[in-house]
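Enquirer: what's the 3D shape of this:
(chains A, B and C)
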Amino acid sequence: MSRIKELQKSLFAGTTSNARQFGMIFTLVAIVLLFQILTDGLTLNSSNLISLVSQYSYILILAIGMLMVIVAGHIDLSVGSIAAFVGIVVARAMQDWSLPWPVAILFGLAVGAAIGVWQGFWVAYIGVPAFIVTLAGMMLFRGGNQFIGSADTIPVPEGFKVIGAGFLPEVGPNTGYNNLTLLLGLLVAVAIVVREWKARRTRREMDADVAPMWISLIRVAVPIAVVLYAAFRFAGGRVGTSFPISGIILGVLVVIYSFITRNTAGGRHIYAVGGNARAAELSGVKLKRVNFLVMMNMSILAALAGMIFVARSAASGPQDGIGWELDAIAAVFIGGAAVSGGLGTISGSIVGGLVMAVLNNGLQLMGVGSDRVQIIKGLVLLLAVALDVYNKNRGRFSVIGSVTRPFRREAPPTGPGSNVETDQEPAKTPVAG
Amino acid sequence: MRKYLARGVAAGAIALLALTACSERSGDGGGEEAGSAKGFAANSLIGVALPAKTSENWVLAGDLFTNGLKEAGFQSDVQYAGATSTVADQQAQISAMVTKGAKVIVIGATDAAQLTTQVEQAKQAGATVIAYDRLIKNTKDVDYYVAYDNFKVGQLQGQALLEGMKAKKPNGPYTIELFSGSPDDNNSGVFFDGAMDVLKKEIDAGNVVVGSGQKEIKQTATDGWKAENAQRRMDSLLTSTYSSKTLDGVLSPNDTLARAILTSVKGAGKPLPVVTGQDSEVESVKSIVAGEQYSTINKDTRNLVKETIEMVKALQAGNDPKTNDTESYNNGVKVVPANLLEPLIVTKKNVVEAYANDPKLAPLTTGAK
Amino acid sequence: MSDAPVLLEMRAITKEFPGVKALSDVNLVVRRGEIHAIAGENGAGKSTLMKVLSGVYPYGSYSGEIRYHGSESRFSDIRASEQAGIVIIHQELALVPGMSITENIFLGNEPRRGGAIDWKSANRQALELMARVGLREDPDTLIKDIGVGKQQLVEIAKAFAKDVKLLILDEPTAALNESDSQHLLDLLRGFKQRGITSIIISHKLNEIAEVADSITILRDGKTIETLDIKADGVDEDRIVRGMVGRELHSRFPDHTPKIGEVFFEVRDWTVRHPISADRMVAKNSSFTVRRGEIVGFAGLMGAGRTELAMSVFGRSYGVYQGGQIFKDGQEIVLKSVADAIKHGLAYVSEDRKSLGLNLLDDIKTSVVSAKLSKIADHGVVDQVREYKAAEGYRKSLRVKAPTVDEGVTKLSGGNQQKVVLAKWMFTDPDLLILDEPTRGIDVGAKYEIYGIIQQLADQGKGVIVISSELPELIGLCDRIYTVFEGTITGNIERRDADPELLMKQMTSAKKAQIR
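Expert: Alright, predicted model coming up:
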């Protein structure tokens, strides 16, 4: 037992981001393999992987923003409506004003930003709870969608569809695979090696213990194997299909936002505000600005997600975005974020989202009806979080905790062993006069 | 420990190579022409993607497809969109059917304009796409359309409305209100246009007056085909327009809305107008027998499903499936060959004969006459 | 009084928390119909004793015996003690602001008829109870619409609704102004006439001397003495002697101060309470700090020391009303915490857990959290510099943790405090304000913290130490200001500082004559 724990620690609980990535892929593989068996190999089929990515990329993009919102201690219920609103506005703009599609995308992001300013203003500067502001936003922008679209479906031009239904093009010699996708896989593989090497160098510069070389090798070899495998799968799909553009957008956002949340002062401030707002304020963090930016960022990402969905559907409709906020929130919590804020990572949320996506997809491939899929998804969400809470309360081994610990920013105290303070007369509330 | 890990990595690498060796690109060539003439194996998978279970007809259709396809020797995968995220769900379901290698995919679209990508995907994988009841728009990749003739449905509704009002009150002018279906459903406009094709003449001649003046489809639309929306609109019409005037008739595109309209009128304590309907829902058939709702349309789902399965069988055998209209149904990109079935108007007079063969509805009609 | 029958006797009460003996062999005898005061320094065990009595700490969690009405009582919870007629009114009032006076009085105790609440009878009874405590208000008035003094009366009325025999008041006048306090004290005397026994815990020794019949003094969880106010001729000085009477032993590292020029000065600082507009938490307070000097702020709980410090630290408490801050002869305006940090101020809060640390963080993240710019280039955190900085403090402050990746929740109170100190040392401050820097920390760690404070002073920084422990201030500080009700009442050099003098200054509004 202890040796397994040690190994687990050295593989997963290192401080480098690589270790975190490693742990995540491990979780997902278990679920993927389960469905791979249950669906007779359809799950890892090229075309299924491709549709999986393009079907869920917009939900995962929402999960990125939602993670930051939840870490800061808020919630955003309006993302689905904002997505639908921006979708219809952009579709309308292209139809009525013949806006070229790249301009239309920028326009959509600007509309998202404007909505974000609106919501951020109420949350951060007026102090209305985000739950209320975004509940209002949910109705407001759903109504806006129907108002602008006359509750109708508006088609979008062919060029715009690239961001939702486009693929990496075919270039170079005929290798039987999509060359660009293979190249992309190779780049990611190189990046994995570089990051591990950099992480080792960082540890050495810190004068901290550097993990043994063989652990580094595993940490590099396994993800690379998965990445290359995936690259071949994606590159080997039907001619004309390959790795979806929406997946690339998602990947870029994941890299950028992981960096922001983990490595920048701004990212630190989000965690500080969510972990202990008053302490953050007394450390010089500008509370209002952080809350404002987090809410605004969410709206921009919702706008992007909405446009990707519209592009994929080739039209913006009145039912776009319904229920998306719940999918995004579920992804974030399955990914190990705390309801009270201050905990959670981008990569964890992506895993959470992928778990739901693979579950959904696998069940659909098995021909399970959407009613039962909903029931199963609901139970998985509840059980995953409940088991985690239960085990944490008992101070026992926590399944999700152990899997997501590498993604967490330090788990909260566990029962026994947490020190009891020695104040005999419990201090009165600090600033009671 | 280290040894095991090393072995594991090696094994993983081998597995990786083995798996990546098979590209799906090789087997794709045949897909393109498979759609038309050659036919396919008799026990192939047929996918059926239907909207959320919001009306009895969709539930019935699903059951009929499951059983009918099984009897015909096919494997079937019948899916309904979830109640909340309908469009996204249906998109995912169609993708899953393509992945599973369905040869024909029958789609009752939730939003007929938002399935382009999936239909294209299906087509390229070599599947034939049949639009069921609702025409899929803006794509060249839909092969056939099978439905009741919805323009005809509208015409019949318009005629029934006029006849019903005449039977109650021999001379006009008649005051009516117009309701149409969900604006995102392609059929809503077709029903409405059909009905207006009949009613327009009378309105222009002054025999029929739309009390509220709301004659445009946008004004009369009912979001999401939801009863509550129709009831709400009727409530406000009664308050705004009919506090003193009498309402003679209401054009309702389907039964659910017809009953909502009647509920609203009853609630206001007004005399019941002549109300049309469609779909032969159980409650509406009861209502017709009781003399409240005036008419409905029998678009027997059994026939439509049977006709669809016949088309699938024809495709399997490598024949061209039956079509009877190759001109009217333009989806924005191409004219889709359609197989149209004739609807039947049902009023209290012919209700017994109309449902004689329907095991569920026939017992309900015994009270009539 | 001393011949009246005994109502309550607590015998040899001992209550232990993990690692700490909060009460050891405490005895308390309260006679029927008297007003009995309990006095002691912060942390002496007064509140713990009352919690034992009222069943907050149930029978079995302490040792000793409670005899009430002549027989042994074993209260399992507050409800049980309330049924016996013992009602405790806490410092923080337990009223629901959005409910009316009547609703609050009968909360959880509503008169019913059938299944429903009988509001008519409730209102009638409420008016009777309000008359008994001298509260003239419409019983339908919401609690949030009446002042603190009247709220206090509602609490007492609520106690009467429960048929109180023994009324316990914990710091009842701490939040009240002069006239409200006087009214309350008169009320207590009135209760005495009607045979109700009261126990009053108060820091305001003048009030005790005025209203109480007898007094029990606690110190370090032990009973020191019980005095009859009149028979023993007890005055404030006598009580102070009892409260602080411990000897100062050498709990402090040897230190020779190197004091320089005055570099930090606050003039006429006035701050309003954030909610109640007529309450000033700091009134025209002026003080100075010299380089290399450790300046103490002494005062009782609620005197306004923390409020003063926090308001100076970027107006992080209350509403600024007036006053100036000078640093190195220049006036500086600190409108936010960020401003304060930029100008070299640091404030280590008295409440590590809720104000000082993000308990989800690890050591290194905590240490750098107040000045990320120092380890970040263009907003990007340099993990190597972060790690090295934190590691440096871990070693120099001897934080007991294997690495700086350890979560702060896993640390003991003393080590958490070191992390908070490191966090503020990392901001390179010129002036550190340390609010109760040794609260809840064991003796060994205290010694280390004192050492750190002295080192900081020796580096030429100014240090302000706010503490409720007088021996700590006397042992550590070069100079001590006393604070009473938001006013600075004394400025005492180290050589003059003794507990009795300080206690006197801390408990009366009279300005000290010694300069």
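
Enquirer: Can you give me the neighbour number for whichever residue of the stretch 151-300 of chain B sits closest to chain A?
Expert: Nearest residue of the stretch 151-300 of chain B to chain A: B:Pro183, at 4.6 Å (CB to the nearest CB). In short, each C-beta sits where N, CA and C put it, glycine included. Residues lying near B:Pro183 (other CB atoms under 10 Å in any protein chain shown) number 22.

Enquirer: can you list the domains in chain C?
Expert: Per automatic domain parsing, the structural domains of chain C span C:6-244, C:248-344+C:429-515, C:362-426.

Enquirer: Pipe these into JSON lines and attach mean pLDDT and mean neighbour count per row.
Expert: Listed next are these as JSON lines, based on pLDDT from 0 to 100; neighbours: other CB atoms under 10 Å in any protein chain shown:
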{"stretch": "domain C:6-244", "mean pLDDT": "86", "mean neighbour count": "18"}
{"stretch": "domain C:248-344+C:429-515", "mean pLDDT": "87", "mean neighbour count": "19"}
{"stretch": "domain C:362-426", "mean pLDDT": "90", "mean neighbour count": "21"}
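
Enquirer: closest to A:Leu168 out of those domains?
Expert: Taking CB to CB, domain C:362-426 is the member of the domains of chain C nearest to A:Leu168, at 30.2 Å.

Enquirer: does the closest one come close to chain A?
Expert: Yes: applying CB under 8 Å from any CB of the partner chain, one finds domain C:362-426 touching chain A at C:362, C:365, C:369-373, C:376, C:379-381, C:383-384, C:387-388, C:391, C:403, C:405, C:407, C:409-413, C:423.

Enquirer: Contact partners for the closest residue to B:Val59 other than its chain neighbours?
Expert: In space, and not counting its chain neighbours, B:Val59 is closest to B:Lys53: 5.3 Å by CB to CB, 6 or more residues apart in numbering or on different chains. By CB atoms under 8 Å, 6 or more residues apart in numbering or on different chains, the residues touching B:Lys53 are A:371, B:59, B:62, B:80, B:83.

Enquirer: What about those residues, which are in helices?
Expert: Using DSSP state H, A:371, B:59, B:62 are the members of the contacts of B:Lys53 that sit in helices.

Enquirer: Who are the contact partners of the nearest residue to the last one once chain neighbours are set aside?
Expert: Just to be clear, that refers to B:Gly62. Using CB to CB, 6+ apart and skipping residues adjacent in sequence, the residue nearest B:Gly62 is B:Val78, 5.0 Å away. Neighbour list for B:Val78: B:48, B:50, B:62, B:65-66 [criterion: CB under 8 Å, 6+ apart].

Enquirer: Show me the beta-bridge partners of B:Val78.
Expert: Judged by DSSP bridges, the bridge partners of B:Val78 are B:Val48.

Enquirer: follow-up on the earlier one: how would you label the residue nearest to B:Val59: helix, strand or coil?
Expert: Under DSSP: H, G, I helix; E, B strand; the rest coil, B:Lys53 falls in the coil class.

Enquirer: domain ranges for chain B?
Expert: Taken from automatic domain parsing, chain B resolves into B:30-142+B:301-341, B:150-299+B:345-367.

Enquirer: Take the ones you listed and lay them out in TSV including mean pLDDT and distance to C:Asp77.
Expert: Below are the domains of chain B laid out as TSV (pLDDT from 0 to 100; distance: least, CB to CB, whole Å):
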stretch	mean pLDDT	distance to C:Asp77
domain B:30-142+B:301-341	87	47
domain B:150-299+B:345-367	90	51
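
Enquirer: Rebuild those as JSON lines, extending it with distance to C:Arg136.
Expert: Output for those, formatted as JSON lines (distance: least, CB to CB, whole Å):
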{"stretch": "domain B:30-142+B:301-341", "distance to C:Arg136": "58"}
{"stretch": "domain B:150-299+B:345-367", "distance to C:Arg136": "52"}
